[in-house]
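Participant: 3D model of this:
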Amino acid sequence: MSELVSRESGIPGLLFLDLPVREDARGWFKENWQRAKMTALGLPDFGPVQHNIAFNAAAGTTRGMHAEPWDKLVSLAAGRIFGVWVDLRPGPGFGTVATREMGPEGAVFVPRGVANGYQALEEGTLYSYLVNEHWSAEALALYTYVNLADPSLAIDWPIPLAEAEISDADRAHPALADVTPMAPRATVILGGSGQLGRELVALLPDAVAPDRTRLDLTSAESVAAYDWSQVGTIINAAAFTEVDGAETQEGAKACWSVNVNAVARLVDQARRHRIRFVQVSSDYVFDGTAPVHDEYEAASPLSTYGASKAASDALVATLPEHLIVRTTWLVGTGRSFVATMAALADRGASPRVVDDQFGRLSFADDLAAAIVHLLSGGAGSGVYNVTNAGPTRSWADIARRVFELSGRDPGDVQSITSEEWAEGRVVADRPRNSALSLDRLEATGFRPRDADERLVDLLTGRQ
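Facilitator: Here you go, the predicted model:
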């Protein structure tokens with residue numbers, strides 16, 4: 001009996017397995033798919049949902065080459081094959097070929113976009129494969145094919161194809177030179193019209209950013225009807241952000257509908273289709289008693305909005321592949337605290353601004369760049385704090401800096417307390433300290449730019 005072994009094949013993600021086969025006088029037994037052992041060897045936890053078996057009556061039966069829009073684990077229940085795999089994904093590996101002869105002692109993990117074909121070398125060969133999407137007639141439109149006889153592939157079939165049993169459909173597949181690579185699973189950006197969403201769309205031009213007519217997050221029917229089967233990543237930049245409005249009864253309902261109920265529906269789809277999920281979170285999940293908040297601090301929200309973000313973070317954290325990107329004090333194109341202060345400075349106003357809430361600005365384009373970095377760099381699942389760098393400031397400090405850069409006397413900004421600002425109004429309690437530790441983000445190789453430098457660039461037109 002051999003040990004369970006996983007080996008590289010020469011095609012990224014295509015893994016050859018050697019399976020232990022236990023034999024005695026009665027025959028043999030093997031563990032064809034053993035999740036714990038195989039994922040420990042580097043196989044993805046690919047979540048199979050369908051098991052197929054192809055019976056090959058005659059030696060020489062040859063099938064392929066098909067690249068399906070899902071992953072699969074190939075093995076044999078009887079007989080032997082000469083297996084062939086061709087990378088049909090875009091990139092420098094396009095057209096790479098890997099081959100392997102194997103019997104029941106072998107298995108191959110085939111990632112989405114890698115074409116699969118084989119030739120039966122014995123009569124009665126039983127070819128078995130697990131897949132992680134249900135087959136449907138509609139899915140056929142997503143297949144990519146290549147001709148198994150294409151001389152450019154230089155496949156040395158053990159039994160000449162002229163003597164093989166091949167279907168007319170398989171003989172008619174296109175040559176490699178005529179194949180359009182299979183597109184990767186899509187990235188969906190939710191909240192694509194917002195300040196952060198627009199920056200993400202700019203950095204990820206191939207992503208899909210459905211508007212509300214195509215995907216209404218507050219409608220269970222709309223979320224269920226959306227085709228998630230070919231989505232690889234969801235970036236959720238959509239949220240109810242009217243922090244004070246959420247303190248009313250109707251506002252609380254609207255806040256919870258978008259920030260929690262909608263996220264629960266999305267998490268369900270992400271789990272079902274093995275989608276990586278990026279959730280944009282907030283410093284409002286904290287009570288602000290700590291001077292700096294790291295990624296491991298327990299949530300302690302002070303407001304309805306903060307509670308809704310903490311609840312959605314907890315939902316997303318249940319997924320195997322997730323990033324919770326926690327940020328503060330967003331500045332982008334359009335409405336923001338900085339834009340408001342700059343407008344007041346231009347009008348000659350002297351605003352009263354709270355001086356007992358501290359944090360850092362987060363510029364939307366830098367936040368978007370950090371998210372793309374975390375996704376492309378293979379960051380492990382979990383929480384990552386993302387703001388711009390530099391010392392923490394109060395809102396009043398930032399307002400004075402905006403006035404200074406706008407040619408106004410910083411002393412024209414008056415300091416008030418949070419209690420004075422809230423007097424006579426229904427407002428949410430806010431964390432007094434919103435500074436987030438950036439150590440975990442910087443350990444991935446991303447160093448955020450200094451917030452004051454970005455503020456200077458913004459207000460002097462150098463962005």
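Participant: tell me where the stretch 51-200 of the chain has helices.
Facilitator: Assigned by DSSP state H, counting those that start in this stretch, the helices in the stretch 51-200 of the chain fall at 168-171, 195-203.
Participant: nearest to residue 146, of those?
Facilitator: Comparison of the helices of the stretch 51-200 of the chain against residue 146 by Cβ to Cβ identifies helix 168-171 as nearest, at 10.3 Å. Placement of C-beta: from N, CA and C, glycine included.
Participant: tell me the contacts of the closest residue to residue 108 other than its chain neighbours?
Facilitator: With sequence-adjacent residues excluded and distances taken as Cβ to Cβ, 6 or more residues apart in numbering, residue 108 is closest to residue 74, at 4.6 Å. Contact analysis of residue 74 by Cβ atoms under 8 Å, 6 or more residues apart in numbering lists 83, 107-110, 116, 127-129.
Participant: where does the stretch 351-463 of the chain have low pLDDT?
Facilitator: 462-463 (pLDDT under 70).
Participant: in it, which spans are strands?
Facilitator: With strands called from DSSP state E, counting those that start in this stretch, the stretch 351-463 of the chain shows them at 352-354, 358-359, 362-363, 382-385, 393-394, 414-416.
Participant: over to the stretch 201-350 of the chain?
Facilitator: 231-236, 276-282, 322-327, 330-331.
Participant: distance between the first one and the chain's centre?
Facilitator: To tie it back to what came earlier, the one meant is strand 231-236. 5 Å (Cα atoms, centre = their mean, to the nearest Å).
Participant: which residues touch it?
Facilitator: Identification of contacts with strand 231-236 by Cβ under 8 Å, 6+ apart yields 184-191, 200, 207, 263, 266, 270, 273, 275-280, 371, 375.
Participant: listing partners with orientation, what would you give for it?
Facilitator: Paired strands of strand 231-236, with direction, are strand 186-190 (parallel), strand 276-282 (parallel) (DSSP bridges).
Participant: okay, the angle between the shortest one and helix 195-203?
Facilitator: Using axes from the mean of the first three to the mean of the last three Cα atoms, to 10 degrees, the interaxial angle of strand 186-190 with respect to helix 195-203 works out to 150 degrees.
Participant: rounded mean pLDDT for strand 186-190, please.
Facilitator: Strand 186-190 shows an average pLDDT of 97 in the prediction.
Participant: alpha carbons of it, in CSV - could you do that?
Facilitator: What follows is strand 186-190, C-alpha atoms only, in CSV (Å, rounded to 0.1, in the frame of the first residue of the first chain):
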residue,chain,number,x,y,z
ALA,A,186,-15.7,37.0,-12.6
THR,A,187,-15.2,39.6,-9.8
VAL,A,188,-18.5,41.3,-8.8
ILE,A,189,-18.3,44.8,-7.2
LEU,A,190,-21.3,45.7,-5.1
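Participant: pLDDT value on residue 114, please?
Facilitator: You'll see residue 114 listed with a pLDDT of 98.
Participant: hmm, residue 299 is touching residue 285, no?
Facilitator: Yes: applying Cβ atoms under 8 Å as the test, residue 299 and residue 285 come out as touching, 4.5 Å apart.
Participant: before we move on, back to that, can you select the buried ones among the contacts of strand 231-236 for me in ChimeraX?
Facilitator: Remark: buried members of those, expressed as a ChimeraX selection using 16 or more other Cβ atoms under 10 Å:
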select :185,186,187,188,189,190,191,200,263,266,270,273,275,276,277,278,279,280,371,375
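Participant: what's across from residue 324 in the sheet?
Facilitator: residue 279, residue 383.
Participant: got the contact list for stretch 290-310?
Facilitator: Contacts of stretch 290-310 (Cβ under 8 Å, 6+ apart): 239-243, 246-247, 251-252, 255-256, 259-260, 281-289, 313-314, 326, 382-385, 428-431, 433-437, 439-440.
Participant: could you rerun that using 7 Å?
Facilitator: With contact meaning Cβ atoms under 7 Å, 6 or more residues apart in numbering, stretch 290-310 is reached by 243, 246-247, 252, 255-256, 259-260, 281-287, 382-385, 428-431, 433, 435-437, 440.
Participant: what's the closest non-adjacent residue to residue 397?
Facilitator: Nearest residue to residue 397, sequence neighbours excluded (Cβ to Cβ, 6+ apart): residue 355, at 7.4 Å.
Participant: the one you found: neighbour count?
Facilitator: For residue 355, the number of neighbouring residues by other Cβ atoms under 10 Å comes to 20.
Participant: is it true that it touches residue 393?
Facilitator: No: using Cβ atoms under 7 Å, residue 355 is not in contact with residue 393; the gap is 9.9 Å.
Participant: just the buried ones from the contacts of stretch 290-310, in PyMOL syntax?
Facilitator: The command below creates a PyMOL selection of those among the contacts of stretch 290-310 that count as buried (16+ other Cβ under 10 Å):
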select buried, resi 243+246+247+252+255+256+259+260+281+282+283+284+285+286+287+383+384+385+428+429+430+431+433+435+436+437+440
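Participant: circling back: mind checking which of the strands paired with strand 231-236 is nearest residue 55?
Facilitator: Among the strands paired with strand 231-236, the nearest to residue 55 by Cβ to Cβ is strand 186-190 (35.7 Å).
Participant: just the helices of the stretch 51-200 of the chain: most buried one?
Facilitator: Among those, helix 195-203 has the highest mean neighbour count (mean count of other Cβ atoms under 10 Å), at a mean of 20.
Participant: hmm, who's touching that one?
Facilitator: With Cβ under 7 Å, 6+ apart as the criterion, helix 195-203 contacts 189, 191-192, 207, 209, 235, 237, 280, 330, 332-334, 364-365, 367-369, 371-372.
Participant: domain ranges for the chain, per the record?
Facilitator: 5-178, 186-459 (automatic domain parsing).
Participant: where in the stretch 151-300 of the chain is pLDDT low?
Facilitator: Judged by pLDDT under 70, no stretch of the stretch 151-300 of the chain qualifies at all.
Participant: for residue 127, which non-adjacent residue is closest in space?
Facilitator: In space, and not counting its chain neighbours, residue 127 is closest to residue 54: 4.4 Å by Cβ to Cβ, 6+ apart.
Participant: how close does that neighbour sit to residue 155?
Facilitator: Distance of residue 54 to residue 155, computed by Cβ to Cβ, to the nearest Å: 19 Å.
Participant: which of the two has more neighbours?
Facilitator: More neighbours surround residue 155 than the other of residue 54 and residue 155, with 19 against 13 (other Cβ under 10 Å).
Participant: for that one, give me its contacts.
Facilitator: Residue 155 neighbours (Cβ under 7 Å, 6+ apart): 84, 97, 148.
Participant: neighbour count, distance to residue 23 and pLDDT added to these, as JSON lines?
Facilitator: Converted to JSON lines, the contacts of residue 155 look like this (neighbours: other Cβ atoms under 10 Å; distance: Cβ to Cβ, whole Å; pLDDT from 0 to 100):
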{"residue": "84", "neighbour count": "22", "distance to residue 23": "28", "pLDDT": "98"}
{"residue": "97", "neighbour count": "19", "distance to residue 23": "33", "pLDDT": "98"}
{"residue": "148", "neighbour count": "25", "distance to residue 23": "33", "pLDDT": "96"}
